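Novice: give me a 3D structure for the following:
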Amino acid sequence: MKPAIMYDDTWANALDQNLKTASTPGGWALFNLTAQMKQQILPSRFDGLLAPGFLPHIQFLPHQLKTAQTVMEEMNGTAILADEVGLGKTIEAGLILKEYMLRGLASRILILAPASLVSQWAKELREKFQIFALVQRKNPDWTWNGVQIASIDSAKQAKFADVFSDTLFDMVIIDEAHRLKNPATKNHQFVSRLNKTYCLLLTATPVQNNADELFHLVSLLRPGLFGSNGFFQSQFKDGKRSVQNRDAFHALLRQVMVRNTRTEVEHEPIKRFIQTIRIDPSKEEKVFYDSLSEYLPASITLLTLQREACSSKYAALATLQKQEGFDQTKIAELARAIDRNSKAEKALEIIKGLDEKVLIFTQYRATQQYLELFFHSQQIPAVSFQGKFKKSKKDWMIELFKGPARVLIATEAGSEGLNLQFCRHVINFDLPWNPMKLEQRIGRVHRYGQTQNVYIYHLAYKQSVEDRMLSLLYEKIALFQTAIGKLDSILDENWIEDHLHDTFHTSKSVREWEIKMQNLAAALE
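Specialist: Numbers count the residues shown, from 1 in each chain. The predicted structure follows:
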């Protein structure tokens, strides 16, 4: 029979009494009692996670727990969290933060995020992790000895340089950290000067243009991991985007970066159902589209103008109106003859058939404005989301979408950072040339917390440049379903983007563009 264990907590009661009666906040007795309390609270071992036991309301996914444990036990609290869009990088960061706070290793925390995401960070920390943060806005107090959240644009102002140079942060967390990729920018230089013990960089796209970006991000966390810049160029870089000595490169990268993909972590994944809808343009729309080559200003490529016309006449006219000395009379007459937008009518048909909330993406603000007016004329409550909106307006648009609005019409600014798991239908009113952008769009609804299957609708006019994009890029290559996130390294994805960028920005004709796209298809196949 095991002897009964007797617990003596008189030290805790005595501590409370001492705090109430002591004339001075010091002395050996008080120190001794405080030390005993710390020993009771703090764990004796550093392996494993404490935080999930304090957060029973959160059902952490296995990859999120594994990531947090890896960052703490193997990376010393300093890492790039580079999961694919929608897998819960914010959850991982919050879990790591909570863990360090519970262990008494972090109290002064600085979280930097795009202005549009600051309130979202504060809400998630409060509701999910029971961490209450000070949102720094006007007259910030950067010496706050607690958790504080701010936009990097407000924090990096020169007038705050002295206070940051004199402040040591236990942990710094930076969301959308790919914005630090260029060492010549103020963002990168500001973060590099921060005094910090632990640091987390969150980004789904740590490489966007070339391999140097990854080198610069890693150097913020672990200077010298890849050697000097010159050593990196000679030993690891192979062209603009690729790397050589791959085994050595990835071995080093794994010391500082964790990247989870959907195919690795989703055993019973939310399914995507993708429907491509090819639309017959009206006679007037087709005449307008076909006439663009006859009235093309010298400074604009036909490919660009045709893609805008596939969105709406307003998008194409917005570009043409910026051209000085260009006679717009004839093209304006053709535009006035268009009294309907066949795509908008199809989108309306989809929305009415669903009786659910719908997220619509367009690349063009002129189209966005038209769609909002069009849906209101059809008694469909719709709101817009733009990058140029002030933070308060962005938050209000999302709240309206959660509430009375049926439709949220977003430009590409809405493809980054938004959590819209309460919606599961996405209409791509026009298609981006880069499938990576398409993945970011879908990631607004297909992300951590989504419990239902997701439905995606691609709209395209028949016999248009969009129709060819669908055939050559999205259907034949099926890039957004197969290649993205399934290539053997994060750098491998980017030669595709490089090729796509060249294809769209250097092709002098639609035929030249088609040939380049066919070459890409052949390379992937």
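
Novice: what is the burial count for Glu74?
Specialist: Counted with other C-beta atoms under 10 Å, residues neighbouring Glu74 total 12. Placement of C-beta: from N, CA and C, glycine included.

Novice: spatially nearest residue to it (excluding sequence neighbours)?
Specialist: Counting by C-beta to C-beta, 6 or more residues apart in numbering, Gln255 is the residue found nearest to Glu74 once chain neighbours are left out, at 7.8 Å.

Novice: could you pull up phi and psi at that neighbour?
Specialist: In this entry, Gln255 is assigned phi and psi values of phi -70, psi -20 (degrees, to the nearest 10).

Novice: residues near it, how many?
Specialist: For Gln255, the tally of surrounding residues (other C-beta under 10 Å) stands at 15.

Novice: correct me, but it touches Gly224?
Specialist: No. Gln255 is beyond contact range of Gly224, at 11.8 Å (criterion: C-beta atoms under 8 Å).

Novice: so how far is Leu359 from the residue nearest to Glu74?
Specialist: In this structure, Gln255 and Leu359 are 38 Å apart, going by C-beta to C-beta, to the nearest Å.

Novice: quick one: least confident helix or strand in this protein?
Specialist: The least trusted helix or strand in the chain, going by mean pLDDT, DSSP states H and E, turns out to be helix 494-506, with a mean of 63.

Novice: just the pLDDT for Thr451.
Specialist: On the pLDDT scale, Thr451 is placed at 82.

Novice: equivalent analysis for Arg336, please.
Specialist: pLDDT for Arg336: 92.

Novice: again, but for Asn209
Specialist: pLDDT, Asn209: 56.

Novice: residue contacts, the residue nearest to Glu74?
Specialist: Gln255 makes contact with 74-75, 222, 225, according to C-beta atoms under 8 Å, 6 or more residues apart in numbering.

Novice: out of these, grab the one that's most surrounded.
Specialist: The member of these surrounded by the most neighbours (other C-beta under 10 Å) is Met75, with 21 neighbours in all.

Novice: tell me the first helix or strand C-terminal of the helix or strand that Leu214 is a member of.
Specialist: Secondary structure assigned from DSSP states H and E places Leu214 in helix 211-221. Next along the chain after helix 211-221, taking DSSP H and E as the criterion, comes helix 229-235.

Novice: got a list of contacts for that following helix?
Specialist: Outside helix 229-235, the residues within contact range by C-beta under 8 Å, 6+ apart are 212, 215, 226-227, 244-245, 248.

Novice: and those residues as CSV, adding neighbour count and pLDDT?
Specialist: Shown next, in CSV, are those (neighbours: other C-beta atoms under 10 Å; pLDDT from 0 to 100):
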residue, neighbour count, pLDDT
Asp212, 18, 78
Phe215, 20, 83
Phe226, 22, 81
Gly227, 14, 82
Gln244, 12, 72
Asn245, 13, 78
Ala248, 13, 83
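
Novice: residues contacting the closest residue to Pro381 other than its chain neighbours?
Specialist: Using C-beta to C-beta, 6+ apart and skipping the chain neighbours, the partner closest in space to Pro381 is Ala405 (4.6 Å). The neighbours of Ala405, taking C-beta under 8 Å, 6+ apart as the test, are 357, 381-383.

Novice: I'd like to know which of the residues you listed are buried.
Specialist: Burial of the contacts of Ala405 was assessed by neighbour count (16 or more other C-beta atoms under 10 Å); the buried members are 357, 382-383.

Novice: quick one: low-confidence ranges for the stretch 151-300 of the chain?
Specialist: Per-residue confidence for the stretch 151-300 of the chain (pLDDT under 70) gives these ranges: 207-210, 238-243, 266-268, 298.

Novice: rerun that using 50 as the cut-off
Specialist: Nowhere does the stretch 151-300 of the chain drop to pLDDT under 50.

Novice: could you pull out the strands for it?
Specialist: Counting by DSSP state E, counting those that start in this stretch, the segments of the stretch 151-300 of the chain that form strands are 168-174, 195-202, 237-238, 242-243, 257-258, 272-279.

Novice: ok so, going back, would you turn the buried ones among the contacts of Ala405 into JSON lines with distance to Ile58?
Specialist: Compiled in JSON lines, the buried ones among the contacts of Ala405 are given as follows (distance: C-beta to C-beta, whole Å):
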{"residue": "Lys357", "distance to Ile58": "25"}
{"residue": "Ala382", "distance to Ile58": "33"}
{"residue": "Val383", "distance to Ile58": "30"}
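
Novice: return the subset of those residues lying in strands.
Specialist: In strands, judged by DSSP state E, the following of these are found: 382-383.

Novice: out of the buried ones among the contacts of Ala405, who's nearest Tyr100?
Specialist: Lys357 (37.2 Å; C-beta to C-beta).

Novice: check what pLDDT the closest residue to the closest one other than its chain neighbours gets.
Specialist: Across the structure, with C-beta to C-beta, 6+ apart as the measure, the residue nearest Lys357 apart from its sequence neighbours is Cys423 (4.5 Å). If you check Cys423, the pLDDT there is 94.

Novice: just want the angle from the helix holding Leu214 to strand 195-202.
Specialist: With axes from the mean of the first three to the mean of the last three C-alpha atoms, to 10 degrees applied, the angle from helix 211-221 to strand 195-202 works out at 140 degrees.

Novice: can I get helix 211-221 as PDB, trimmed to CA atoms?
Specialist: Listed next in PDB are the C-alpha coordinates belonging to helix 211-221 (Å, rounded to 0.1, in the frame of the first residue of the first chain):
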ATOM      1  CA  ALA A 211      16.700  32.200 -53.800                       C
ATOM      2  CA  ASP A 212      18.400  35.200 -52.300                       C
ATOM      3  CA  GLU A 213      15.200  36.100 -50.500                       C
ATOM      4  CA  LEU A 214      15.400  32.900 -48.500                       C
ATOM      5  CA  PHE A 215      19.000  33.700 -47.600                       C
ATOM      6  CA  HIS A 216      18.000  37.100 -46.300                       C
ATOM      7  CA  LEU A 217      15.100  35.800 -44.200                       C
ATOM      8  CA  VAL A 218      17.300  33.100 -42.700                       C
ATOM      9  CA  SER A 219      20.000  35.700 -41.900                       C
ATOM     10  CA  LEU A 220      17.500  37.600 -39.800                       C
ATOM     11  CA  LEU A 221      17.200  34.600 -37.500                       C
END
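
Novice: how far does that helix sit from the chain's center?
Specialist: Using C-alpha atoms, centre = their mean, to the nearest Å, the mean C-alpha position of helix 211-221 is found 18 Å from that of the whole chain.
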